[in-house]
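J.: Generate coordinates for the sequence data below:
(2 chains)
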Amino acid sequence: KAGVTQTPRYLIKTRGQQVTLSCSPISGHRSVSWYQQTPGQGLQFLFEYFSETQRNKGNFPGRFSGRQFSNSRSEMNVSTLELGDSALYLCASSLGGDTDTQYFGPGTRLTVL
Amino acid sequence: GENVEQHPSTLSVQEGDSAVIKCTYSDSASNYFPWYKQELGKGPQLIIDIRSNVGEKKDQRIAVTLNKTAKHFSLHITETQPEDSAVYFCAATPRPTKNYNQGGKLIFGQGTELSVKP
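T.: You can find the predicted model right below:
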């Protein structure tokens, strides 16, 4: 079974631009969660989608948004990029239960100049 | 609020020794505790997990123990090998809130960089 895939793997943007990242979950998984990983803050939860609905949300500004499609693929968008948005963005998929295992993709490395 | 503390931040052991990483969590409602291993340039990979109805779980050289009363859980790696060198993260599920359930959210510890010297 194929794992979680994320595209693109690397991205360089400038301040003020916007960016869209994509995540394809493991086949049969209906939940996709997004995390931001930085050296200073570690792994922080952004939001989770289940069956095309945002079911859970972390403490990030409204510039961070996401969506999920009927095939469970998910995208996240960051508008008006700031230098501090430079990070590794990880998505994880699961069956969707509270204690179901989350499987992570390789991440998208975003650099904001 | 929700918080997971992980110690130590770095750990260096000789090949063949044991390694222990400890985490404490703040929310007594947490009921799922996974451990992930992250190698350079890769996403976190689940190595073992434990649910709150179990006190200990073992998988070959890896074991996890959970003490719900004290709100802490630990990862034990025996007979360490150089390929065990990586960053290890503990995590816990948060308490459901009025607007959100627990689904899909993990609170992570800050990570432990484990180095196994041959």
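J.: so what's residue A:1 scoring on pLDDT?
T.: pLDDT for residue A:1: 68.
J.: correction: residue A:47
T.: 95.
J.: burial measure for residue B:48, as a count.
T.: Residue B:48 is flanked by 19 other residues according to other Cβ atoms under 10 Å in any protein chain shown. All C-beta spots, glycine's among them, are computed from the backbone N, C-alpha and C.
J.: same question, the one 10 residues further on
T.: Applying other Cβ under 10 Å, we find 12 other residues in the vicinity of residue B:58.
J.: ok, it to chain A distance?
T.: Distance, residue B:58 to chain A, by Cβ to the nearest Cβ, to the nearest Å: 17 Å.
J.: strand partners of the helix or strand where that residue lies, parallel vs antiparallel please.
T.: Residue B:58 belongs to strand B:56-59 when elements are defined using DSSP states H and E. Paired strands of strand B:56-59, with direction, are strand B:62-67 (antiparallel) (DSSP bridges).
J.: What helix or strand is the single nearest residue of chain A relative to chain B located in?
T.: Taking Cβ to the nearest Cβ, chain B has its nearest neighbour within chain A at residue A:48, 3.1 Å off. Assigned by DSSP H and E, residue A:48 belongs to strand A:42-50.
J.: which residues sit against that strand?
T.: A:30-38, A:54-58, A:60, A:64, A:66-68, A:74, A:76, A:90, A:96, B:44, B:89, B:91, B:103-111 (Cβ atoms under 8 Å, 6 or more residues apart in numbering or on different chains).
J.: Is there contact, residue-wise, from whichever helix or strand comes after that strand to chain B?
T.: Next along the chain after strand A:42-50, taking DSSP H and E as the criterion, comes strand A:53-57. Yes: contact of strand A:53-57 with chain B (Cβ under 8 Å from any Cβ of the partner chain) involves A:55, A:56, A:57.
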